[in-house]
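Asks: This is a predicted model, with the sequence first.
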Amino acid sequence: MGVVNPLTKEQAAPEVHGAFDKLSARSGKVPNIFAAMAHRPAVLNTFLPLYAAIVNQGTVDAKYKELAYLRASMVNGCEYCTRAHIASSKRAGVTAEQVAALAFYQRSPLFDEKEKATILYADRVTRGAAGIRSQELQELSKYYDEGQIVELTMVVCMANFTNRFNDALENIPDLGV
C-alpha cells in the first residue's frame, strides 16, 4: 500500500464520480494514480483533461511522445510510470526490443536519428532543463517545428510530474506490464 490510500468511488467526493466512471470504462478500473489524486477532487478533474490534451492530442506522433515519456520515467526510476508507458509505448509502435535498448539508445541501431533526438531531449529536460541551450533546441528543430517542440516539452514535463507524484506517494503500479 502506498503512503496515501487510493480512494474507491464510494470514498471519493461526488464531483469525481463521473471521472471514476470514465476511467473504469476505459481501463476496467480506476488506476491508483487517479484514485490517489481523488483526495483533491478539483485537481483530479483538472488534471485528466490536461493530461489528455498533452499526451493524446497534438501533431507529434504518439510513438515519439511515448519514447519521451518512457525515457523520462526510466531516468527518474519511476516504476509506476515506466510500467504504464512500456504498455502504452508498445501500442504506439515502440518495439519490445527498443524498450529493452532504451537505456543505451545512443549507440543502438534500433533507433533512427529522430527517435534518438527525441529521447536525448527527454533525457536533458528530465536531468536538468536549465542546462538546455539553443544548440540542443536547434538539433531538435531538424525534426520538429516550434509548436511540436512545445508539445514534446509538455510531454516530458507531464512525465516528470507523474513520476514525482507516484514516487512520493509510493503508488503501487497497477497499469501496464
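Replies: Perfect, I can see it now.
Asks: Roughly how far does Lys63 sit from Ile54?
Replies: In this structure, Lys63 and Ile54 are 16 Å apart, going by C-beta to C-beta, to the nearest Å. For glycine as for every other residue, the C-beta is placed from the backbone atoms N, C-alpha and C.
Asks: need the helices for this structure, in chain order.
Replies: Per DSSP state H, the chain carries helices over the ranges 17-27, 32-37, 41-56, 62-76, 79-91, 96-101, 113-128, 134-140, 146-169.
Asks: Out of the ones you listed, flag the one nearest Gly2.
Replies: In terms of C-beta to C-beta, the element of the helices of the chain nearest to Gly2 is helix 146-169, at 5.1 Å.
Asks: Give me the buried stretch members for that closest one, please.
Replies: 148-149, 151-156, 158-163, 165-167, 169 (16 or more other C-beta atoms under 10 Å).
Asks: Check stretch 60-76 too.
Replies: Buried-residue list, stretch 60-76, by 16+ other C-beta under 10 Å: 60, 62-76.
Asks: which one of those residues is nearest Tyr143?
Replies: When those are compared against Tyr143 (criterion: C-beta to C-beta), the nearest one is Tyr64, at 8.5 Å.
Asks: Before we move on, what's the pLDDT of the closest residue to the closest one other than its chain neighbours?
Replies: Nearest in space to Tyr64, with sequence neighbours left out and distances taken as C-beta to C-beta, 6 or more residues apart in numbering, is Thr118 at 4.8 Å. Looking at Thr118, its pLDDT is 97.
Asks: Contacts only, for Lys114.
Replies: Lys114 makes contacts with 64, 143, as judged by C-beta atoms under 8 Å, 6 or more residues apart in numbering.
Asks: quick one: it from Leu140, how far?
Replies: Lys114 is 10 Å from Leu140, by C-beta to C-beta.
Asks: do the same with Ala38
Replies: 36 Å.
Asks: Between the two, tell me which one has more neighbours.
Replies: Ala38 (25 against 20; other C-beta atoms under 10 Å).
Asks: was I right about the more buried one contacting Val4?
Replies: No: if you go by C-beta atoms under 8 Å, Ala38 and Val4 don't touch, sitting 10.1 Å apart.
Asks: which non-adjacent residue is nearest Phe165?
Replies: Ile33 (6.9 Å).
Asks: how many neighbours does that neighbour have?
Replies: So Ile33, with other C-beta under 10 Å, has 25 neighbours.
Asks: Quick check: end-to-end length of stretch 134-150?
Replies: 14 Å (C-alpha to C-alpha, to the nearest Å).
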